[in-house]
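**Q** Make a model of this:
(one chain, ligands or ions: 3)
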Amino acid sequence: MQFSTFQKNLDDWQGASLIFGVVEEEIESQLENIKFVVDPKLLLKKFTAKKFKGEKGGILNFEFLGQKLDTLIVIGLGKSKDLNKNDIKNSIGNLIRKIVDINEKISILLPWELINSQLEIHNLAESARLSAYKDNRFNKKKDENRVLKEIEFLNLKKFEDISFEETEDICEGVELARRLVAAPPNSLTPKKMSIIASQIGKDHCLEVKILDAKECEDLGMGAYLAVAKGSDLESKFIHLTLKAEGPIKEKIALVGKGLTFDSGGYNLKVGASQIEMMKYDMGGSAAVLGAAKALGAIKPKGLEIHFIVAACENMINGSAVHPGDVVKASNGKTIEINNTDAEGRLTLADALTYASNLKPDSIIDLATLTGAIVVALGNDVAGFWSNNNDLANDLKKASAEAGEELWQMPLQKSYKEGLKSHIADMKNTGPRAGGSITAALFLEEFFHEDIKWAHIDIAGTCWTDKNKGINPSGATGFGVKTLVQWIKNK
Ligand code: BES
Ligand code: MG
Ligand code: ZN
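**A** Ligands and ions are numbered 1, 2, ... in the order given. You can find the predicted model right below:
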């Protein structure tokens, strides 16, 4: 899908569907802006008849059989002083989802004078496209062509030379992440993930390294391999490197949890633990690979960025890890696996050690790590932890700009007590209370303390059961936009 602008004289414009946003005051003067398709006086009469004043959430639909336009959809944006860019994005998103199957092109005309920056326009474009996303890969519509092909912005005079190239790259990244997360576990295996990663590498000139189990064993990755042992599928350790041409100012590692399925292992997921949804336990790696695709296209200057995923499945067979096993991670620390369902942190232990050995300035990991974060923050907000205030602030800023919500959680040192083991250097699971915090504290044991680090627990945000704002029901692709924005801000 493409973005375009129409900056010429509006009298020369033609289209099929036009979304026209109005705020709640001075309706008459706003209607002057649409006189190129409809008589403002006539429209004002209709508004009055339908008691529409531009209030937030209000929608009016008009069918024309004129030569210039088929459908005009007027959306109310509420009072201009309360105008909130998330509200605009969400109302456009909800609307576009309804008409995506009808129109090849949707045009948008908003009170641009109330929109302050290119970033907001880019966000709006992103939201429009991401709301229209559909996934028919696994049903009988799979060969149907999508109807909506173009989103056009009218009269963006204020931003004459705006380009949407990077917005398209970011959307591609988010959409890839959504496809990966939504793919069932018999389709997206660790091997398939490694093939997709290699393809990203090929397409965008990234260095590709895929390690099999034997190579990981040689590196001493006993924690990651313990998780993979119960699966009949090969594990794949994925490492992509995107290196800018010229001098490198900063080295970054992005690490994602990549469990293509999490049964819980011998601590099997039972009852309400939603075992059937655990295909999305690779949401962190999907965000990292989505970011790799987007950044591979954007090619940020002065940076060396590593994308790392220790992909595998958590399953049960005769060689699966026992609850109570002690394993050794590649940094030499031993771990008593008192719960096989806390497997993500075991894979991340070796992935973080590997990242740490690359000596980056900062590491960000993303993971669907704990049910506890879903209890704490619900499905709209992801929790994050960091050992560095500058990094934490930069992440907060990036996520706000990207429109993904993050909430900082404490690295409460006193809770380390909960990870003490009688037999090994640590256990993988602490008490129920503060479960997402002990998980973060566990991760902190696996990289050099001088490295700036942040961990984002996306267990609640990587999936939505219902259409919500810019996210159609299903995989959200959460994390891609924040990662890319954080890198772009550098
Ligand atoms: N993948 C799960 C976490 C999860 C739960 C993600 C719900 C999305 C929705 C993770 O591997 C897990 O099972 N965590 C356990 C940890 C516990 C055993 C300490 C959990 O949260 O129950
Ligand atoms: Mg688990
Ligand atoms: Zn898991």
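**Q** tell me the helices in the stretch 351-490 of the chain, going along the chain?
**A** Defined through DSSP state H, counting those that start in this stretch, the helices belonging to the stretch 351-490 of the chain, from first to last, are 371-377, 389-402, 435-443, 480-488.
**Q** Nearest to residue 222, out of the ones you listed?
**A** Closest to residue 222 of the helices of the stretch 351-490 of the chain is helix 435-443 (C-beta to C-beta; 15.3 Å). (Each C-beta comes from the backbone N, C-alpha and C, glycine too.)
**Q** That closest one vs ligand 1: in contact?
**A** Yes: remark: helix 435-443 sits within contact range of ligand 1 at residue 435, by C-beta under 6 Å from any ligand atom.
**Q** Residues touching that helix, excluding its own?
**A** Defining contact as C-beta atoms under 8 Å, 6 or more residues apart in numbering, one finds that helix 435-443 is touched by 342, 344-345, 348-349, 352, 365, 369-373, 376, 383, 385, 409-413, 415-416, 418-419, 426, 428-431, 455, 457.
**Q** For the residues you listed, which ChimeraX command selects only the ones that are buried?
**A** Those of the contacts of helix 435-443 that count as buried under 16 or more other C-beta atoms under 10 Å are selected in ChimeraX with:
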select :342,344,345,348,349,352,365,369,370,371,372,373,376,383,385,409,411,415,416,418,419,426,428,429,430,455,457
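**Q** Close to ligand 1: what parts of this structure are there?
**A** When proximity is defined by C-beta under 6 Å from any ligand atom, the chain lies next to ligand 1 at 262, 281, 339, 341-344, 368-372, 374, 429, 435, 459.
**Q** What is the neighbour count of the residue of the chain found nearest ligand 3?
**A** Across the chain, no residue is closer to ligand 3 than residue 262, which sits at 3.6 Å (C-beta to the ion). When counting by other C-beta atoms under 10 Å, one arrives at 27 neighbours for residue 262.
**Q** my read: it touches residue 274, true?
**A** No: if you go by C-beta atoms under 8 Å, residue 262 and residue 274 don't touch, sitting 10.1 Å apart.
**Q** hang on, residue 108 in a strand?
**A** Yes: the assignment for residue 108 is a strand, going by DSSP: H, G, I helix; E, B strand; the rest coil.
**Q** residues contacting it?
**A** 18, 19, 21, 92, 124, 128, 151, 152, 153, 154.
**Q** Please repeat the previous calculation with a cut-off of 10 Å.
**A** Residues counted as contacts of residue 108 (C-beta atoms under 10 Å, 6 or more residues apart in numbering) are 17-21, 73, 75, 92, 95-96, 124-125, 128, 151-156.
**Q** which other helices and strands contact the top helix by length along the chain?
**A** When the chain is parsed with DSSP state H, its longest helix is helix 165-182. Here helix 165-182 is seen to pack against strand 2-6, helix 118-131, helix 190-204, strand 250-262, helix 283-298, strand 463-464, strand 474-475, helix 480-488 when contacts are counted using 3 or more C-beta pairs under 10 Å, 6 or more residues apart in numbering; DSSP states H and E.
**Q** Assess the claim that residue 319 and residue 325 are in contact.
**A** No: assessed by C-beta atoms under 10 Å, residue 319 is found out of contact with residue 325, at 11.2 Å.
**Q** which parts of the worst-scoring helix or strand of the chain on mean pLDDT are buried?
**A** Counting by mean pLDDT, DSSP states H and E, the chain has its least confident helix or strand at helix 85-99, which shows a mean of 87. Within helix 85-99, the residues that count as buried by 16+ other C-beta under 10 Å are 85, 88, 89, 90, 91, 92, 93, 94, 95, 96, 97, 99.
**Q** again, but for stretch 287-301
**A** Buried residues in stretch 287-301, counted by 16+ other C-beta under 10 Å: 287-298, 300.
**Q** And the residue of the chain closest to ligand 3, how far from ligand 2?
**A** Remark: distance between residue 262 and ligand 2 (C-beta to the ion, to the nearest Å) = 4 Å.
**Q** dump the residue contacts of that residue.
**A** With contacts defined as C-beta under 10 Å, 6+ apart, residue 262 is in contact with 185, 227, 269, 273, 275, 277-282, 312-315, 340-341, 343-344, 368.
**Q** now do 6 Å
**A** When contacts are counted by C-beta atoms under 6 Å, 6 or more residues apart in numbering, residue 262 touches 278, 281, 314.
**Q** sorry, back to before: and the helices and strands packed on helix 165-182 as CSV, adding distance to residue 55 and mean pLDDT?
**A** As requested, the helices and strands packed on helix 165-182 are exported to CSV (distance: least, C-beta to C-beta, whole Å; pLDDT from 0 to 100):
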stretch, distance to residue 55, mean pLDDT
strand 2-6, 28, 94
helix 118-131, 20, 94
helix 190-204, 45, 98
strand 250-262, 42, 99
helix 283-298, 36, 99
strand 463-464, 26, 98
strand 474-475, 31, 98
helix 480-488, 30, 98
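**Q** Please identify the most buried of the ones you listed.
**A** Neighbour counts (mean count of other C-beta atoms under 10 Å) averaged over each of the helices and strands packed on helix 165-182 peak at helix 283-298, with a mean of 29.
**Q** check whether that helix contacts ligand 3.
**A** No: for helix 283-298, no contact with ligand 3 is found by C-beta under 5 Å from the ion; the gap never falls below 9.8 Å.
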